[in-house]
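A.B. asks: After the sequence you'll find the predicted model.
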Amino acid sequence: MAIQVAPEFGYVVFSLVATFVTYMYLGVNVGKARKKYGVKYPTMYSDKDQIFNCYQRAHQNMLEQLPLFLVFLLVAGVQFPVPSAICGLVWNAGRIVYAHGYYTGDPAKRNQGAFAYLGQFALIGMCIYGAVRQLNWV
């Protein structure tokens, strides 16, 4: 069985690259926060500085979301490459806004990046619709 993808799937690949850049950006920010707040490896969270913990949680939350996001992006991208790539960029922008809200030290401000879920839920919807279409249910 061969899977054929449209040339526009290249946009999905660019979205994947953007995801790597976002992941690295958040990781570098945690590294900088480690130095700034004196949190040595392998300590995950600080007992002394909650701001560092906000940096760590922003990155950790992305890591928690990443596997399923990537699956949805790739699966949806096979049938709907351009909308999937756009959703991927929305998700990445949301992750960055989420992180910067968290970095303020007020965890409630992370919710400014909740629009990332619009991208993720749209990808899930495309996956469901694509599965229904593939099964000839519509």
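C.D. replies: Yep, it's here. Numbering: from 1, shown residues only.

A.B. asks: Burial check on residue 102, number of neighbours?
C.D. replies: 26 (other C-beta atoms under 10 Å). No exception for glycine: its C-beta is placed from N, CA and C like everyone else's.

A.B. asks: next helix or strand past the helix or strand where residue 72 lies?
C.D. replies: Per DSSP states H and E: residue 72 is located in helix 50-79. Once the chain leaves helix 50-79, the next helix or strand it forms, by DSSP H and E, is helix 81-103.

A.B. asks: just the angle between that following helix and helix 50-79, please?
C.D. replies: Inter-element angle recorded for helix 81-103 and helix 50-79: 180 degrees (by axes from the mean of the first three to the mean of the last three C-alpha atoms, to 10 degrees).

A.B. asks: Mind listing what's buried along helix 81-103?
C.D. replies: 81, 83-99, 101-103 (16 or more other C-beta atoms under 10 Å).

A.B. asks: cool, stretch 13-29 as well?
C.D. replies: In stretch 13-29, counting by 16+ other C-beta under 10 Å, buried: 15-16, 18-19, 22-23, 26, 29.
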